[in-house]
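Colleague: this is a predicted model, with the sequence first.
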There are 2 protein chains.
Amino acid sequence: VSEFDLIERIARRAGSAPSVLLGIGDDAAVLQPTPGKALVATTDSLVLDRHFTVAWSPSDIGHLALAVNLSDLAAMAATPRWVLLSLTLPESDPVWLDGFLDGFLALAERFDTVLVGGNISSGPLNIGVQLLGEVDPDRMVDRNGARPGDLLAVTGSLGDPAAALLLGEAAKPTLRARLHRPEPRLAAGQALAAHVHAMIDISDGLLADLAHLLKDRLGAELDLASLPASPALTEALDSDLERWRLQAGGGNDYELLLALPPEVFDQARAKCATLGLELTAIGRVSDRPELVCRDSAGRNIELPARGWDHFESS
Amino acid sequence: VSEFDLIERIARRAGSAPSVLLGIGDDAAVLQPTPGKALVATTDSLVLDRHFTVAWSPSDIGHLALAVNLSDLAAMAATPRWVLLSLTLPESDPVWLDGFLDGFLALAERFDTVLVGGNISSGPLNIGVQLLGEVDPDRMVDRNGARPGDLLAVTGSLGDPAAALLLGEAAKPTLRARLHRPEPRLAAGQALAAHVHAMIDISDGLLADLAHLLKDRLGAELDLASLPASPALTEALDSDLERWRLQAGGGNDYELLLALPPEVFDQARAKCATLGLELTAIGRVSDRPELVCRDSAGRNIELPARGWDHFESS
């Protein structure tokens, strides 16, 4: 099967939309932006043995590749529109490609996102996704607006993907599903935009992404006992400390972390509830640039804020 | 040097523009499209030992990575605006990165293109570029408009990069420069848009890209003696046949191939001349779906139309 056969295979399944003036099969895609909207662009690549292993199903890899990019748009309160796909494949394997597209396109369809272009090369497996979305320029949310006194809150629960990595084969399917098939919080991001000062998605780990939010100018106090944990996570780990480690440093959660004024928290939580999603207050922004984690007795607990650096060994 | 140090290093050099509402350092870039324009999006990845070798300078790799994407926009008659960069690097090497950015950003600056985001992973070297541009929707040119009787024409000259690959170390610097530092034909693409029925950039090789233009419904007669060759190419190869092989099948030229009505050719050529660029008629589109190559005596010459397939060995 040649490169062009693979592209044909992708093009047949890619779908279309009125906003796509020219899709797969030309030198570039031509797209019709919505008047008055700002364009939002992000790109993330998945690398074998970094982001997934050979044990993963192609469909899960396809889901994850798009999900991590959708999660970036969720954190900007943006609406995804179009996506491009750069595949570097060790061999021309149509069965693998079909499985990959199953996961990728099912997620794209759920979020009205059209695959409009890309390219295929041969080489060590590398999956690059370029996602384009739109946002009302008055509604966009960045990482920089947190203020002292803001509440810190997270959507959903934290730590399941890290537990799945730690436990490997022993992890329950519900934990593994959180690692393989993260759910991007797009509706929540858009619903929360009007209430928050700053928002980021938790990909590197809670403490690492919190550091991106606080920069060098602010600090925070976190209440570890309030970190939201799924029943599966609580069941899997006996020790509070071990659970906190995974929740604070594990990464791959793809939940939203936000800073918002305390007086709007109840309203924000109610909006999330209408989406079937918990919103949990986990701490507070302070003007002292240090990060303090406390247990329920108020004791200071040291947790590694390492997060995920691609050039440090884990 | 950590992943975030490398990102800092890139951010410091990336520049800015009024259209960039939010650049490097957030979950996604936020960009201000020009009202009334369509968005043009392309992505191309470079893989070690496929598109370049370890002998290449980082600066040449940076130039090539952006040039191949700019060339795609040239073929759409689009104007480049913003670019994202997905780097998968085997190690954290700031010296390599600085050299890469030298070539990449110098070319970006020449074409008023701003680096607005991207990501870094660790793994086998893979360079993904996502380029965004704009085009007047009435002015865009695709691959599909060629008609029987159209002249086929190419910008510049063909075969230098293929000769550089063939000759290796023995190739003259002018040939090697065409391989390492192709010049995207953006001004020509925009100047030609009003005159042409179809346009494509020659990346896979003249015959392969011509096949993309003709699809299954049209054919062409090519006059091999008219294929434009640089003085360095003519000097490097004694045999007409060998030169034609490289010019027809070699690829990596990044010239524009266009189909246009014969009566506008002189005007189109004059426009290219004002840009210091040759435009050469090389054949004609026919309604018989076959590709015929003739020498100056009118003899039919069989040339491989193989082009570049990433899953066939060269």
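Modeller: Arrived safely, thanks for sending. All of these numbers come straight from a predicted model, not from anything done at the bench.
Colleague: which residues in chain A form helices?
Modeller: A:3-13, A:58-75, A:94-110, A:160-167, A:173-180, A:186-192, A:206-214, A:231-236, A:240-249, A:265-274 (DSSP state H).
Colleague: of these, which is nearest B:Val129?
Modeller: The closest of the helices of chain A to B:Val129 is helix A:58-75. By C-beta to C-beta, the value is 16.1 Å. Yep, even glycine has a C-beta here, placed from its N, CA and C like the rest.
Colleague: is the closest one anywhere near chain B?
Modeller: Yes: under the criterion of C-beta under 8 Å from any C-beta of the partner chain, chain B is reached by helix A:58-75 at A:72-73, A:75.
Colleague: A:Ala146: which of the helices of chain A is closest?
Modeller: helix A:206-214 (5.5 Å).
Colleague: which other residues reach the closest one?
Modeller: A:143, A:146, A:152, A:154, A:158, A:198, A:200-204, A:220, A:222, A:227, A:247-249, A:251, A:253, A:257, A:259, A:285, A:289, A:291, A:303-308 (C-beta atoms under 8 Å, 6 or more residues apart in numbering or on different chains).
Colleague: list buried residues within those residues.
Modeller: With burial judged by 16 or more other C-beta atoms under 10 Å in any protein chain shown, the buried subset of these is A:143, A:146, A:152, A:154, A:158, A:198, A:200-204, A:220, A:222, A:227, A:247-249, A:251, A:253, A:257, A:259, A:285, A:291, A:303, A:305, A:307-308.
Colleague: reformat the residues of helix A:58-75 next to chain B as JSON lines; add pLDDT and neighbour count.
Modeller: Below are the residues of helix A:58-75 next to chain B laid out as JSON lines (pLDDT from 0 to 100; neighbours: other C-beta atoms under 10 Å in any protein chain shown):
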{"residue": "A:Asp72", "pLDDT": "97", "neighbour count": "29"}
{"residue": "A:Leu73", "pLDDT": "97", "neighbour count": "29"}
{"residue": "A:Ala75", "pLDDT": "97", "neighbour count": "29"}
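Colleague: how far away is A:Asn300 from A:Leu227?
Modeller: Computed as C-beta to C-beta, to the nearest Å, the A:Asn300 to A:Leu227 distance reads 16 Å.
Colleague: kindly report the same for A:Ala77.
Modeller: Where A:Leu227 is concerned, A:Ala77 sits at a distance of 24 Å (C-beta to C-beta).
Colleague: kindly report the same for A:Leu246.
Modeller: 10 Å.
Colleague: list the residues that contact both of these two?
Modeller: Joint contacts of A:Leu246 and A:Leu227 (C-beta under 8 Å, 6+ apart) are A:Gly159.
Colleague: tell me who's in contact with A:Ala273.
Modeller: Taking C-beta under 8 Å, 6+ apart as the test, what A:Ala273 contacts is A:Leu279.
Colleague: quick check, pLDDT for it.
Modeller: On the pLDDT scale, A:Ala273 is placed at 98.
Colleague: separation between it and A:Thr155?
Modeller: 11 Å.
Colleague: anything in contact with each of these two?
Modeller: Common neighbours of A:Ala273 and A:Thr155, using C-beta under 8 Å, 6+ apart, are A:Leu279.
Colleague: near chain B, from the buried ones among the contacts of helix A:206-214?
Modeller: Near chain B, by the rule C-beta under 8 Å from any C-beta, you find A:143, A:200-201 out of the buried ones among the contacts of helix A:206-214.
Colleague: which of those residues fall in strands?
Modeller: Using DSSP state E, the members of these that fall within strands are A:200-201.
Colleague: what is the nearest of the ones next to chain B among the buried ones among the contacts of helix A:206-214 to A:Leu125?
Modeller: For these, the nearest to A:Leu125 is A:Asp201 (24.4 Å; C-beta to C-beta).
Colleague: the closest one against A:Gly251, yeah?
Modeller: No: with contacts counted by C-beta atoms under 8 Å, A:Asp201 stays clear of A:Gly251, the gap being 10.7 Å.
Colleague: and stretch A:203-219, C-alpha only, in PDB?
Modeller: Once non-C-alpha atoms are left out, stretch A:203-219 reads as follows in PDB (Å, rounded to 0.1, in the frame of the first residue of the first chain):
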ATOM      1  CA  SER A 203      -1.300  17.700  31.200                       C
ATOM      2  CA  ASP A 204       2.100  17.900  33.000                       C
ATOM      3  CA  GLY A 205       0.700  17.300  36.500                       C
ATOM      4  CA  LEU A 206      -1.300  19.500  38.900                       C
ATOM      5  CA  LEU A 207       1.700  21.100  40.600                       C
ATOM      6  CA  ALA A 208       3.600  21.700  37.400                       C
ATOM      7  CA  ASP A 209       0.700  23.200  35.600                       C
ATOM      8  CA  LEU A 210      -0.200  25.300  38.700                       C
ATOM      9  CA  ALA A 211       3.300  26.700  38.500                       C
ATOM     10  CA  HIS A 212       2.600  27.700  34.900                       C
ATOM     11  CA  LEU A 213      -0.500  29.600  36.200                       C
ATOM     12  CA  LEU A 214       1.300  31.300  39.100                       C
ATOM     13  CA  LYS A 215       4.500  32.100  37.200                       C
ATOM     14  CA  ASP A 216       7.100  33.600  39.600                       C
ATOM     15  CA  ARG A 217       4.900  36.300  40.900                       C
ATOM     16  CA  LEU A 218       2.200  34.400  42.900                       C
ATOM     17  CA  GLY A 219       2.000  31.400  45.200                       C
END
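Colleague: still on that earlier bit, next step: the contacts of helix A:206-214 restricted to strands.
Modeller: Short answer: the contacts of helix A:206-214 in strands (DSSP E) are A:152, A:154, A:198, A:200-201, A:220, A:222, A:257, A:259, A:285, A:291.
Colleague: now tabulate these in TSV and tack on pLDDT and distance to B:Glu235.
Modeller: Below are the ones in strands among the contacts of helix A:206-214 laid out as TSV (pLDDT from 0 to 100; distance: C-beta to C-beta, whole Å):
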residue	pLDDT	distance to B:Glu235
A:Leu152	98	69
A:Val154	98	67
A:Ala198	97	62
A:Ile200	97	58
A:Asp201	96	57
A:Ala220	97	68
A:Leu222	97	71
A:Leu257	98	63
A:Ala259	98	66
A:Val285	98	69
A:Leu291	92	66
